[in-house]
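Peer 1: My questions concern the predicted model and sequence given below.
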Amino acid sequence: MRTSSGSRALRLLALAMACAVPGGAPAAHVPAQGDVEAWIARCAGAWAGNDNTTPLGPMPFALVFDREADGSLHAHSALSQATWVDLRFHQDDHDRSGGWRLTESAAMEGLGEQSYTLAPTALDHGTMIWQTRERPDFLRCAMTPANETLTMVVHLRGQEHVRFNLARVEGAGADQLREALRAAAARPAGEAGGSRPGFAAAAPTCERQGAATAAGGTQLAAPGAGDGCKAGATSQALAAARAAVRAHPQDAPLHLALAYALAGRMTSTPPAELTACAAELYGELQQAVALDPQLAQAHFALARYYLEAPAIAGGSLDRAVECEQTLRRLGSPLGEVVGACIEAKQGRTADATARLHRILSEHPDLEAARTCLERVASSPSAN
């Protein structure tokens, strides 16, 4: 097994998961809680395999589900502190019946992180279906734990996206895998390439907001800005994003993820290449919006571009206002954030600050508002 394949696999999964859209209310015919609990218990333990299909070809993947003190079942597969995939079965604190949920989180160095929740919607011959709750047809995960195997099939927009075929790892092998994953999770960002113990021996890792957070919290960096995608996104991240778009050219979130990767690279792009890079970034944002007009994160990122880019590169206050209006029609709190960004752009710092504080009081986890508030507070007009 090639270790580079394991590294590439986790980056692809982080990218794909980071582009997903979070959910709301579960679909009908939810399995009985006792059946869900028994099914989750069968997922416990260590799993690994090489026969996994992804948009970039066969790749190794592994995970270890361990029971936590709060009763949840948790697996964390990492290449470093900055690139990881996290799966947690847990009871819903907001559900009086204590219904079980699957929270999937992922991060990719240079692109950001995403976390969203799926609900169980069906159980058929040992296969549990988990779906995003507001848009059940957008993301669907079918998992089948058996005595010796664990199969996971992910559908995106109704089409099979990845398939993992894992075998149970027991005894010393499971202990070695568990320790390898713990060591990888503690590894500093930027040290996730090459040969790693455990990744070569036990094949840890797999395949979907890379970019934006669940509420569109990671902001897009436009020419001269650095407010969202971490500066200096790796060339590997950009290559992975481009490969994902080539494999799925009609997938709007992947075009958005590519825009984030391009934005992250702009801080280290030679001046002579900035215009071409900005044009590609702008094009990916427009493509994301065209493919999925309901994708709030794409409209938000496009608004940020319009506000930060110079006019010669497509910057436009009027177009940012149009994005704000679109987000309001979609019912997204990101519309309010864009409104505050526009006020800050117009020099109305006090108005922008007040609005952002109000947004955060209503949506305390909206990272986009928090980041915008930090930018406004550090701007010259605020001093």
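Peer 2: That came through fine.

Peer 1: shaky segments in the stretch 51-200 of the chain?
Peer 2: Along the stretch 51-200 of the chain, the parts satisfying pLDDT under 70 run over 54-59, 93-98, 108-112, 189-200.

Peer 1: Would you map the helices across the protein?
Peer 2: Here the chain has its helices, by DSSP state H, at 3-17, 33-41, 171-185, 199-202, 235-247, 252-265, 271-291, 296-308, 317-329, 334-345, 349-362, 367-378.

Peer 1: which of these sits most buried?
Peer 2: helix 252-265 (a mean of 30; mean count of other CB atoms under 10 Å). Where C-beta positions appear, they are placed from N, C-alpha and C, glycine not excepted.

Peer 1: now the end-to-end length of stretch 100-114.
Peer 2: In stretch 100-114, first residue to last residue: 20 Å (CA to CA, to the nearest Å).

Peer 1: and what of stretch 320-338?
Peer 2: Across stretch 320-338, first to last residue, CA to CA, it's 8 Å.

Peer 1: Now tell me what touches it from outside.
Peer 2: The contact list for stretch 320-338 (CB atoms under 8 Å, 6 or more residues apart in numbering) reads 215-216, 294, 296-297, 299-300, 302-304, 306-307, 339, 341-342, 345, 355-356, 359, 362-363, 366, 368-369, 372.

Peer 1: Take the helices of the chain and write them to a markdown table, including distance to residue 80.
Peer 2: Formatted as a markdown table, these follow (distance: least, CB to CB, whole Å):
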| stretch | distance to residue 80 |
| --- | --- |
| helix 3-17 | 10 |
| helix 33-41 | 28 |
| helix 171-185 | 7 |
| helix 199-202 | 11 |
| helix 235-247 | 12 |
| helix 252-265 | 16 |
| helix 271-291 | 26 |
| helix 296-308 | 25 |
| helix 317-329 | 34 |
| helix 334-345 | 29 |
| helix 349-362 | 30 |
| helix 367-378 | 21 |
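
Peer 1: Please name whichever of those helices is nearest to residue 116.
Peer 2: Relative to residue 116, the nearest member of the helices of the chain by CB to CB is helix 3-17, separated by 8.0 Å.

Peer 1: that older thread, weakest of the helices of the chain by average pLDDT?
Peer 2: Sorting these by mean pLDDT places helix 199-202 lowest, at a mean of 24.

Peer 1: Residue 342 and residue 316 touch, don't they?
Peer 2: No - here residue 342 does not reach residue 316: they are 11.4 Å apart, not a contact under CB atoms under 8 Å.

Peer 1: For residue 287, which residues are in contact?
Peer 2: Counting by CB under 8 Å, 6+ apart, residue 287 has contacts 252, 255.

Peer 1: and what of residue 342?
Peer 2: Residue 342 is in contact with 307, 317, 320-321, 324, counting by CB under 8 Å, 6+ apart.

Peer 1: Hmm, residue 116 and residue 88 touching each other?
Peer 2: No - in this structure residue 88 lies outside contact range of residue 116 using CB under 8 Å: 11.7 Å.

Peer 1: Now for the two: what residues contact both?
Peer 2: Contacts common to residue 88 and residue 116, judged by CB under 8 Å, 6+ apart, are 103-105.

Peer 1: got these as JSON lines, with neighbour count columns?
Peer 2: Formatted as JSON lines, those follow (neighbours: other CB atoms under 10 Å):
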{"residue": "103", "neighbour count": "16"}
{"residue": "104", "neighbour count": "24"}
{"residue": "105", "neighbour count": "21"}
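
Peer 1: Strands - which of the residues you listed land there?
Peer 2: 103-105 (DSSP state E).

Peer 1: Check those residues against residue 246 and report the nearest one.
Peer 2: residue 104 (24.3 Å).

Peer 1: roughly how far apart are that closest one and residue 118?
Peer 2: From residue 104 across to residue 118, the span is 7 Å (CB to CB, to the nearest Å).

Peer 1: Same question for residue 166.
Peer 2: From residue 166 to residue 118 the distance is 19 Å (CB to CB).

Peer 1: Residue 281 contacts residue 264, correct?
Peer 2: No - using CB under 8 Å, residue 281 makes no contact with residue 264, being 10.1 Å away.

Peer 1: Let me know the angle separating the longest strand along the chain from helix 296-308.
Peer 2: The longest strand of the chain (DSSP E) is strand 112-124. Going by axes from the mean of the first three to the mean of the last three CA atoms, to 10 degrees, strand 112-124 is angled at 170 degrees with respect to helix 296-308.

Peer 1: what separates strand 112-124 from the chain centre, distance-wise?
Peer 2: 13 Å (CA atoms, centre = their mean, to the nearest Å).

Peer 1: in it, what's buried?
Peer 2: For strand 112-124, burial by neighbour count (16 or more other CB atoms under 10 Å) applies to 112-123.
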